[in-house]
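S.K.: Pasting the sequence and the predicted coordinates here, then a few questions.
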Amino acid sequence: MASGALPQLVFTTGQTLVVEDGTVLLGRRPDEIAANENARAFTVDDPDRSMSRVHAAVRFGPDGLRIVDRGSGNGTVLRRGDREDRCPEGLAVELVPGDELWFGSVGAQVR
């Protein structure tokens, strides 16, 4: 990520999320929960319904970019280089450019 540039998640659906300061809830229907939590909502196109309504939270702030799985049915998988790990539910995991995330059958690359 270039200095001063905001991080992005580029989804296999063709959607792009520019992550600004604060929290963004990702999922098939995150609007209501996001409003209750004073967070932004980002609805991901998922015709296979492999994502939960609120699948994960992405946070960007002074400590960098992080993802938190919100107890999703199919989990959140992080691929970094040759390594692939399931993100623990409720724990923030640091993201860096080039990381690949999988939310069920929907993928996203961190840029």
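M.R.: That came through, no problem.

S.K.: Going along the chain, name the strands of this protein.
M.R.: Assigned by DSSP state E, the chain shows strands spanning 8-11, 16-18, 22-27, 40-43, 56-61, 64-69, 76-80, 83-86, 93-95, 100-103, 106-110.

S.K.: now the first one, how far from the chain's geometric center?
M.R.: The reference is to strand 8-11. Here strand 8-11 is found 8 Å from its chain centre; the criterion is C-alpha atoms, centre = their mean, to the nearest Å.

S.K.: Then the third one?
M.R.: Centroid displacement of strand 22-27 relative to its chain, using C-alpha atoms, centre = their mean, is 7 Å.

S.K.: Would you agree residue 94 is in contact with residue 66?
M.R.: Yes: counting by C-beta atoms under 8 Å, residue 94 does reach residue 66; the two are 5.7 Å apart. Bear in mind the C-beta positions are built from the backbone N, C-alpha and C, glycine included.

S.K.: the more surrounded of these two?
M.R.: A count of neighbours by other C-beta atoms under 10 Å puts residue 66 above the other of residue 94 and residue 66, at 17 against 12.

S.K.: Tell me which of the strands of the chain sits nearest to residue 50.
M.R.: strand 106-110 (6.3 Å; C-beta to C-beta).
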